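**Q** this is a predicted model, with the sequence first.
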Amino acid sequence: QVQLVESGGGLVQAGDSLRLSCAASGRTFSNLVMGWFRQAPGKDREFVAGISRGGGSTDYADSVKGRFTISRDNAKNTLYLQTNSLKPEDTAVYYCAAKFMLTVGRVLKSPPEYAYWGQGTQVTVSS
C-alpha cells in the first residue's frame, strides 16, 4: 500500500508560480512511477506530467509544456510539480499518482495505469 499526500496548492494570480509537493510512504519510493493529474469542475481527470522511477524520463501534457516541471527526490520520498506562468485554465484539483513498477525508464500517462492516488490539492488561478 502507498499513501500519497499533496500540498502546495492555493489561490494565485495569472502569471504566478506554485510548487506542489507529494509526500509518499508505504513502499520504496524509487520503485514507484509517479504522475500528476488534474481535474477541473465538470471535466475528466487529465494527465499533467509523469516521471519514471529514477527521474531520467519525463513527459508533459501539451498544455503545460514549457511552464511546468516535474521532479522527484527519491531520498526524501517526495514528488514535485513546479508550475510557472499559471493561467486561469490551470485551475483544478491536482492529484499525484503512483504505480509500483520494476521497469526502468517508463512514464505512465493514463489514469487507469496508476494504482495509488492522493486526496488532491486545489489550485485556483485568478485573471
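**A** Arrived safely. Numbering: from 1, shown residues only.

**Q** with adjacent residues omitted, what lies nearest to the residue nearest the centre of the chain?
**A** The centroid of the chain falls nearest to residue 36 when counting by Cα atoms, centre = their mean (2.1 Å). Nearest non-adjacent residue to residue 36, counting by Cβ to Cβ, 6 or more residues apart in numbering: residue 48, 4.3 Å away. The C-beta positions use only the backbone N, C-alpha and C, and glycine is treated the same way.

**Q** where in the chain is pLDDT low?
**A** The model of the chain has no residue with pLDDT under 70.

**Q** ok, back up a step: run through the residues that contact the residue nearest to residue 36.
**A** 35-38, 60-61, 64, 68, 81, 94 (Cβ atoms under 8 Å, 6 or more residues apart in numbering).

**Q** what's the answer for residue 92, then?
**A** With the criterion set at Cβ under 8 Å, 6+ apart, residue 92 makes contact with 38-40, 43, 122-123.

**Q** likewise for residue 78?
**A** So residue 78 contacts 21-24, 29, 72 (Cβ under 8 Å, 6+ apart).

**Q** now, which of these lie within strands?
**A** 21-24, 72 (DSSP state E).

**Q** and the residues you listed as TSV, adding distance to residue 1 and neighbour count?
**A** Formatted as TSV, the ones in strands among the contacts of residue 78 follow (distance: Cβ to Cβ, whole Å; neighbours: other Cβ atoms under 10 Å):
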residue	distance to residue 1	neighbour count
21	20	17
22	16	25
23	15	16
24	11	23
72	20	22
